[in-house]
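Peer 1: need coordinates for the following:
(one chain, ligands or ions: 3)
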Amino acid sequence: MAAKRPTSNGLHPRLRAAEKRLIERYDHVTAIPNRLLFLSDFKRLRGRSGKGRLLALLTLCDARHYNEILRALGHAFSEEFVRAGLERLREMLPPEIAVYHVSVLSFAFVIEHEGTDVPELAREIADGFAHDLVVDDIPVRTKVGLGLMPLQAAAMDPAEVLRAVLVAAQDSRRSDAGIAFYNNRSDAAHRRAFTLLADLPKALKAKERQLSLAFQPRVDMATGACHGAEALLRWRHPTLGNVPPAEFIPLAEQTALIHPLTDWVLDHALAAAARLRDAGHRLKISVNASPLNLSEPGFDDKLFWALDKHGLETSALEIEFTEGTMAANQERATRQLERIRKAGIRVAIDDFGTGFSNLSYLRAIPADVLKIDQSFIRPLTVADSFMVQQILAMAHGLGLDVCAEGIETAEAFGLLRSLGCDEGQGYHIGRPMPEADLLHWLGGEYALAM
Ligand code: C2E
Ligand code: MG
Ligand code: MG
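Peer 2: Ligands and ions are numbered 1, 2, ... in the order given. Predicted structure coming up:
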């Protein structure tokens, strides 16, 4: 049989394949086994029963910190930092323990330990990183997270085990010791968040009918007349049931999905506004926009087109946004808010009194209305109305109208009215409801304790 020819780099094909395997399974920065080798070694690492063994995953710092190092000092230095981290870890581990470099900043290894208490060795490792790593004579702070997960006999999927121990390492940052065991509950929360994000694009498709809007009336405190309603998003997930907006909107805000989501709300809210107008109710509909929407180029034009599409005046729309998380591009956001206001769309600052509540910011933001957060209003009694009085005085001084959110009792309603609050919203007046119910509510005699 003819011998196989050497390949272009002069190696025999079998050697070439072995070389390729080797390159694939070792990390080029630290020259130690990588994630692929961990996965193929997993059975051996776990042992026959898994009993008495813990998988540990050490993360040197969080990604943001690493990026700062990368930006300030470059790639070569950052790689040196990772190597210095490994060196420190090696100093603390018995030499027979194999260490795997499983992701840029993480190392995995298996330690012998019976029971569910934190092993002494894990504590020593976490303590061992209390001092800065010195890289090229520069002290660099680490913020290690150490995740632990008991290995079991059951057929465990190694990739899944690695993912789970990474969750534990991330959770460990919230504990003082910087060490955490894998926790099913926190993992379930992560998975739920991921499922929601993955399912949101489908929910945005019209035929799905998963999303809907509820409308909550907003009234003039002096007369009790309703001239507005806030559109609040509802999501009925096919398997998880009703998911509150406070859960899925912050998730959407972490991705570009917040843009189509706000577009969906805007379109449906204005369609409802047009139908209500045709039924004889000229309401100003408030749409909640994320600060991210305000820094989106052309968001202002989007509002004008949407109003145009539904044949509505600019006075039919109000945009609410929360001041705490002001836009990434503050300059553009401010410019767009100015344009929106100039065109006649009202702008409201939502949830005032939570978050930053920065007063200089309040003066700089182009707005018409300040909505006092419900945490001030819900428990409101004469005795603790001092804060509300001050907010009212300040807002009126700045030329802003004030809307109180979360009015739940006749007492709070009466008090706010006597204090000169301009508008109100809350369960005492009306709960968020479907459009058809709002129409009914508007037509009926809603009895307010005036
Ligand atoms: P928000 O804009 O401050 O809306 C008011 C929230 O308070 C609503 O909760 C409403 O149901 C609730 N609420 C109203 N009156 C009362 C009351 O008297 N007592 C109590 N306990 N609660 C009351 P919801 O609908 O769960 O919305 C929560 C938050 O989710 C909203 O707070 C808003 O920040 C956000 N959100 C809702 N829909 C959208 C949307 O379409 N886009 C964006 N970006 N955010 C939205
Ligand atoms: Mg709101
Ligand atoms: Mg609010």
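Peer 1: please count neighbours and contacts with C-alpha atoms only from this point.
Peer 2: Noted.
Peer 1: mind checking what secondary structure residue 230 has?
Peer 2: Three-state assignment for residue 230 (DSSP: H, G, I helix; E, B strand; the rest coil): strand.
Peer 1: pLDDT score assigned to it?
Peer 2: If you check residue 230, the pLDDT there is 98.
Peer 1: same check on the one 5 residues further on?
Peer 2: In the prediction, the pLDDT value recorded for residue 235 is 97.
Peer 1: mind giving me the packing neighbours of the helix or strand in which it is found?
Peer 2: Secondary structure assignment for residue 235, by DSSP states H and E: strand 226-237. The contact analysis (3 or more CA pairs under 8 Å, 6 or more residues apart in numbering; DSSP states H and E) places strand 226-237 against strand 211-220, strand 241-243, helix 245-253, helix 258-278, strand 284-288.
Peer 1: what's the most buried one of these?
Peer 2: strand 284-288 (a mean of 24; mean count of other CA atoms under 10 Å).
Peer 1: now residue 76. Its backbone dihedrals?
Peer 2: The phi and psi values for residue 76, taken as degrees, to the nearest 10, are phi -60, psi -40.
Peer 1: distance check, it against residue 136.
Peer 2: 11 Å (CA to CA, to the nearest Å).
Peer 1: off-centre distance for the helix or strand where residue 43 lies?
Peer 2: Using DSSP H and E, residue 43 sits within helix 35-46. Here the centre of helix 35-46 is set off from its chain's centre by 33 Å, with CA atoms, centre = their mean, to the nearest Å.
Peer 1: next structured bit after that helix?
Peer 2: Defined by DSSP H and E, the subsequent element after helix 35-46 is strand 53-59.
Peer 1: the helix or strand harbouring residue 199 to strand 211-220, inter-axis angle?
Peer 2: If you go by DSSP H and E, residue 199 is part of helix 184-203. Interaxial angle of helix 184-203 relative to strand 211-220 (axes from the mean of the first three to the mean of the last three CA atoms, to 10 degrees): 90 degrees.
Peer 1: relative to strand 226-237, how tilted is helix 184-203?
Peer 2: 110 degrees.
Peer 1: quick revisit: could you pull out the buried residues of the helix holding residue 43?
Peer 2: Residues 35, 36, 37, 38, 39, 42, 43, 45, 46 are the ones in helix 35-46 that count as buried (16 or more other CA atoms under 10 Å).
Peer 1: how close does the first one sit to residue 109?
Peer 2: The spacing between residue 35 and residue 109, counted by CA to CA, is 11 Å.
Peer 1: find residues that contact each of those two.
Peer 2: Overlap of the contact sets of residue 35 and residue 109 (by CA atoms under 8 Å, 6 or more residues apart in numbering) consists of residue 100.
Peer 1: picking that back up, ok, residues contacting the strand holding residue 235?
Peer 2: For strand 226-237, contacts defined as CA under 8 Å, 6+ apart pick out 203, 210-220, 242-245, 265, 269, 282-288, 432, 442.
Peer 1: how about 6 Å then?
Peer 2: 210-219, 242-243, 283-287 (CA atoms under 6 Å, 6 or more residues apart in numbering).
Peer 1: off-centre distance for the least confident helix or strand in the chain by mean pLDDT?
Peer 2: For the chain, the helix or strand with the lowest mean confidence is helix 359-364, at a mean of 77 (criterion: mean pLDDT, DSSP states H and E). Offset of helix 359-364 from its chain centre (CA atoms, centre = their mean): 25 Å.
Peer 1: ok, stretch 191-206 next?
Peer 2: The answer for stretch 191-206 is 14 Å, by CA atoms, centre = their mean.
Peer 1: need the residues that contact it.
Peer 2: With CA under 6 Å, 6+ apart, stretch 191-206 has contacts from residue 210.
Peer 1: anything in that stretch near ligand 1?
Peer 2: No: using CA under 6 Å from any ligand atom, stretch 191-206 stays clear of ligand 1, with a minimum separation of 12.4 Å.
Peer 1: what is the mean pLDDT for that stretch?
Peer 2: Stretch 191-206 comes out at a mean pLDDT of 92.
Peer 1: which helix or strand contains residue 304?
Peer 2: Counting by DSSP H and E, residue 304 is found in helix 299-309.
Peer 1: tell me the buried residues in that helix?
Peer 2: Those would be 299, 300, 303, 304, 306, 307, for helix 299-309 by 16+ other CA under 10 Å.
Peer 1: again with stretch 160-178
Peer 2: By neighbour count with 16+ other CA under 10 Å, stretch 160-178 contains the buried residues 161-162, 164-173, 178.
Peer 1: tell me the secondary structure at the residue nearest to residue 287 when sequence neighbours are not counted.
Peer 2: Closest residue in space to residue 287, ignoring its immediate chain neighbours: residue 319 at 5.1 Å, by CA to CA, 6 or more residues apart in numbering. Using three-state DSSP, the structure places residue 319 in strand.
Peer 1: would you mind confirming that residue 319 makes contact with residue 349?
Peer 2: No: using CA atoms under 6 Å as the test, residue 319 is too far from residue 349 to be in contact (8.6 Å).
Peer 1: what secondary structure does residue 23 sit in?
Peer 2: Assigned with three-state DSSP, residue 23 falls in the helix class.
Peer 1: and the gap between it and ligand 1?
Peer 2: 48 Å (CA to the nearest ligand atom, to the nearest Å).
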